[in-house]
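Asks: The amino acid sequence is not available; the structure is as follows:
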């Protein structure tokens, strides 16, 4: 038994020099393949960096003068860099990092938007199936959808008598309309072919809903969800400014009241970046979920 | 007593109402089709071929008259009359396998176990030579392949009547010939009853036992029924000089272009 093993070892050793020779060759080819990829990456990254730099420079020039009302980037960095570098500190019940505040706001958004997504898709699916309901309800939705988020706040405060559910309701009512309208349009646009297939297969209502309607309308639904999440993020900041608590919106209001302008600037950047990420996340999920449908 | 017909289309009329005007599409269409028969319906575009097929499928109700399949009235769609649609109608978000599996799961939910349903799905994909593409999505395969999957989906329902709605209409000539051969092989092996809509005379003669020729609308009726007296299996090359083939072809051509030539205004 030990003999063949030893033989194999010798054989493997004999092959080693050849392997060592092959490696540098492979490396160069990898570099060659890599270089165009890097160039491509650079051509995507450099323009935004240049433009951001130019933007900061102009801002600095405009606000660096004596008596400027708004803080320049250098001032923001000097006075509020701790907010950027340490998003997750906890020093007291009201003195926490912006990361925590954003997460608190996101939690509200997730409740309100999640509810809006579920209810919106169901209501949209129901309305989309009936020409009568579509004609009857569409004008109402079109009017409701133009009501600004904050206009809902007094009514919702009166109804819920508590700030947290009120904020969630404002999110819900703001983001639900595009979801309903887009879902309904998506359902209306299901090709007759798919309906025929479902008819021949005798799919029942639930099977039709799950297997035909939702996947077929998915591109429309995700467009609605994407608009919805954007509106939800807009609404939460506004709602929190009025209802208080620990969200990012209230942080801005608090900073304004105590004249900490650099803090506000940092908070705005946080809000913008989080909104951008939310939009991209919903977009990416939509792209993943509608792979086949969009191509056909 | 007369021997009962497998599929009986009896005095079927169909009219469409649009506002105050009623347009009659089909009038008094009567024909019986035997089990295992391959029947084509041919006619100029707009004559009501698809309307007739949709009524057999149950997708459209008849205005008067009736359609009986094994003595039971057809009044709703169902898997016993599977349709292969002209534009394949595969669900683009499902893979080839899942498109067929959806039909198998629905039709055999009580009669086949999970493993059997998988095998039946693969068996039908094999029949149309599409097993190799089972994990592809419809957007990733060619038009001819899509139509093959559409046929597999219809066959997988084990229909009493297989309805083909211009199944090869959108394909190029070579792909079309391949698919016609496949359909002939499948028909020879499974002995399905098939009703096919076509506007291709050669296709009708090559594939069918009988060819139903519809007159021009409005109020189209069956103008003539041609028997295609050719032994199976049929090979397209040998048929080119066959007297019966040429005769049947001429009969259909004469009907379509001499007696009922297409009127543009109609």
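Replies: Alright, I've got the coordinates. Since the structure is predicted, the reported quantities are computational estimates derived from the model, not experimental observations.
Asks: show me the residues around residue B:74 that make contact.
Replies: Each residue near residue B:74 by CB atoms under 8 Å, 6 or more residues apart in numbering or on different chains is listed here: B:55-56, B:58, B:66-68, B:81. Bear in mind the C-beta positions are built from the backbone N, C-alpha and C, glycine included.
Asks: And it, how close does it get to chain A?
Replies: Residue B:74 sits 12 Å away from chain A, going by CB to the nearest CB, to the nearest Å.
Asks: thinking again about what came up before, for PyMOL, write the selection for the buried entries among the contacts of residue B:74.
Replies: Selecting only the buried entries of the contacts of residue B:74 in PyMOL, with 16 or more other CB atoms under 10 Å in any protein chain shown as the criterion:
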select buried, chain B and resi 55+56+58+67+68+81
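Asks: The residue nearest to residue A:177 when sequence neighbours are not counted: neighbour count?
Replies: With sequence-adjacent residues excluded and distances taken as CB to CB, 6 or more residues apart in numbering or on different chains, residue A:177 is closest to residue A:145, at 3.5 Å. When neighbours are counted by other CB atoms under 10 Å in any protein chain shown, residue A:145 registers 16.
Asks: chain center to stretch A:48-65, what's the gap?
Replies: The chain centre lies 27 Å from the centre of stretch A:48-65; the measure is CA atoms, centre = their mean, to the nearest Å.
Asks: How about stretch A:62-81?
Replies: Offset of stretch A:62-81 from its chain centre (CA atoms, centre = their mean): 30 Å.
Asks: and what of stretch B:153-165?
Replies: Stretch B:153-165 has its C-alpha centroid displaced from the chain centroid by 9 Å (CA atoms, centre = their mean).
Asks: And stretch B:190-205, by the same measure?
Replies: Chain-centre distance of stretch B:190-205: 6 Å, with CA atoms, centre = their mean.
Asks: Please tell me how far the lengthiest helix in chain B is from the chain's geometric centre.
Replies: The residue-count maximum for a helix in chain B (DSSP state H) belongs to helix B:173-190. How far helix B:173-190 lies from its chain's middle: 13 Å, per CA atoms, centre = their mean.
Asks: just checking, what packs against it?
Replies: On a contact count with 3 or more CB pairs under 8 Å, 6 or more residues apart in numbering or on different chains; DSSP states H and E, helix B:173-190 meets helix B:143-156, helix B:201-207, helix B:236-239.
Asks: How about residues contacting it?
Replies: Applying CB under 8 Å, 6+ apart, the contact partners of helix B:173-190 are B:38, B:127-129, B:142-144, B:147-148, B:151, B:155, B:164, B:167-168, B:171, B:192, B:194, B:203, B:206-207, B:232-234, B:236.
Asks: what about burial for those residues, which qualify?
Replies: For these, buried by 16+ other CB under 10 Å: B:38, B:127-128, B:144, B:147-148, B:151, B:155, B:164, B:167-168, B:171, B:192, B:194, B:203, B:206-207, B:234.
Asks: Give me the pLDDT value at the residue of the stretch 101-250 of chain B found nearest chain A.
Replies: Per CB to the nearest CB, residue B:139 is where the stretch 101-250 of chain B lies closest to chain A, at 4.0 Å. On pLDDT, residue B:139 comes in at 89.
Asks: I'd assumed residue B:92 was in contact with it.
Replies: Yes. Using CB atoms under 8 Å, residue B:139 is in contact with residue B:92, at 5.9 Å.
Asks: re the thing from before, just give me the neighbour total for the residue of the stretch 101-250 of chain B closest to chain A.
Replies: 15.
Asks: where does it land in three-state SS?
Replies: When classified by DSSP: H, G, I helix; E, B strand; the rest coil, residue B:139 comes out as helix.
Asks: what does the stretch 51-200 of chain B have sitting close to chain A?
Replies: Residues of the stretch 51-200 of chain B lying close to chain A (CB under 8 Å from any CB of the partner chain) are B:57-59, B:76-79, B:81-83, B:85, B:87, B:89, B:91-94, B:102-103, B:106-107, B:137-139, B:157.
Asks: For residue B:246, what is the enclosing helix or strand?
Replies: helix B:243-254 (DSSP states H and E).
Asks: residues in contact with that helix?
Replies: For helix B:243-254, the external contacting residues (CB under 8 Å, 6+ apart) are B:42, B:201-202, B:204-205, B:211, B:213, B:224, B:226-230, B:239.
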